[in-house]
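[1] sequence first, predicted model second:
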Amino acid sequence: MTVNVIAEIGSNWEGDIKLGKLHIKKSKECGATHVKFQMWRAEDIYELSDPNWKTIKKSELKEDVAEELKNYADEIGIKWFCSVFNPESVDFLESINVKLYKIASWTTALKHRFSLETIQKVGKTKKLTFISTGNGINKKLIEKQFRKKDFQYTYCIAKYPALDKDIVWKDILKYDFFSDHTLGYTIPLAYTALKKSLGKNDIYIEKHVKLDTSRGPDAPFSITFDELRTLIDHVRRIDQLNMSIPNSLS
């Protein structure tokens, strides 16, 4: 079994490239396999009246900064990619040879003005793309734009934070990618153990991560790097267990 743990940075880097690199470095040290940022233009998806507008605007990922962060991740050996929210960003990410993409639930639900164009542009890259279902999804639209081997749906509850009781286990176990917004790391560990018992060979867990000093809008539902390390240590321990269930008990 391979458990890929994605450290989602979101707005927690606060638009500071030094903090961005520190998040990447700590993610690598904790054992994460991937680190993910978000590439959007604030005015495309947020209102000026949003109480977090200043932080949101400051946390826009500009092209020159994205390239430097991606190069740094390459240097230290952690996979770097983005959720992408406009077609121009896809063109740029292709130019720096990003290997995979995520399309956030706000985009898959066609809730901002460049949603459809972004989906179409990512589909044309023919690269592995994780597609969030958190805000609902038009599967016919997605499956028209992507080859079957190029995309994977992601289980997500679009609440920040999500509650433990929001998880529908009969649904989540149909997915091999879990983008988790619950507090702490209990739910992703339960997910890992259950998927292991079902004999799944390759799963993804995504968690927002933060520094102890993070104060942005993503911070309240993010885990610290100490918690990320503990999560990954437990995930690797679960990975070593013999959890095959006899047919008589399944």
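    Thanks, I have the structure now. Numbering: from 1, shown residues only.

[2] check contacts around the residue nearest to residue 175 when sequence neighbours are not counted.
    In space, and not counting its chain neighbours, residue 175 is closest to residue 155: 3.9 Å by Cβ to Cβ, 6 or more residues apart in numbering. (Glycine included, C-beta is placed from N, CA and C.) Contacts here follow Cβ atoms under 8 Å, 6 or more residues apart in numbering; on that basis residue 155 touches 133, 171, 172, 174, 175, 177, 178, 179.

[3] any of those residues buried? List them.
    Buried members of these, scored by 16 or more other Cβ atoms under 10 Å, are 133, 172, 175, 177, 178, 179.

[4] would you reformat those as a markdown table and include secondary structure?
    As requested, those are exported to a markdown table (DSSP: H, G, I helix; E, B strand; the rest coil):
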| residue | secondary structure |
| --- | --- |
| 133 | coil |
| 172 | helix |
| 175 | coil |
| 177 | strand |
| 178 | strand |
| 179 | strand |
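
[5] closest one to residue 238 out of the residues you listed, please.
    Lowest distance from residue 238 to those (Cβ to Cβ) belongs to residue 178, with 13.9 Å.

[6] per-residue confidence for that closest one?
    Looking at residue 178, its pLDDT stands at 98.

[7] which parts of this protein are strands?
    Applying DSSP state E to the chain gives strands spanning 2-8, 34-39, 79-84, 101-103, 129-132, 151-156, 177-180, 202-210, 223-224.

[8] out of these, nearest to residue 65?
    For the strands of the chain, the distance to residue 65 is smallest for strand 34-39, at 9.3 Å, taking Cβ to Cβ.

[9] what angle sits between that closest one and strand 2-8?
    40 degrees (axes from the mean of the first three to the mean of the last three Cα atoms, to 10 degrees).

[10] direction included, what does strand 34-39 pair up with?
    Strand 34-39 has the following strand partners under DSSP bridges: strand 2-8 (parallel), strand 79-84 (parallel).

[11] out of these, which is the most enclosed?
    With neighbours taken as mean count of other Cβ atoms under 10 Å, the strands paired with strand 34-39 reach their highest mean count in strand 79-84, at a mean of 23.

[12] rounded mean pLDDT for it, please.
    For strand 79-84, mean pLDDT rounds to 98.

[13] residues in contact with that strand?
    So strand 79-84 is contacted by 24, 33-40, 61, 66, 69-70, 73-74, 89-90, 93, 98-104, 107, 118, 122 (Cβ under 8 Å, 6+ apart).

[14] so how far is the worst-scoring helix or strand of the chain on mean pLDDT off the chain centroid?
    The weakest-scoring helix or strand in the chain, judged by mean pLDDT, DSSP states H and E, is helix 53-58 (a mean of 85). On the basis of Cα atoms, centre = their mean, to the nearest Å, helix 53-58 sits 20 Å off its chain's mean C-alpha point.

[15] ok, and for it, which residues are buried?
    Those would be 55, 56, for helix 53-58 by 16+ other Cβ under 10 Å.

[16] could the strands paired with strand 34-39 go into CSV alongside distance to residue 233?
    Formatted as CSV, the entries for the strands paired with strand 34-39 read as follows, by distance: least, Cβ to Cβ, whole Å:
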stretch, distance to residue 233
strand 2-8, 11
strand 79-84, 20
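
[17] which one, of these, ends up nearest to residue 187?
    The closest of the strands paired with strand 34-39 to residue 187 is strand 2-8. By Cβ to Cβ, the value is 13.8 Å.
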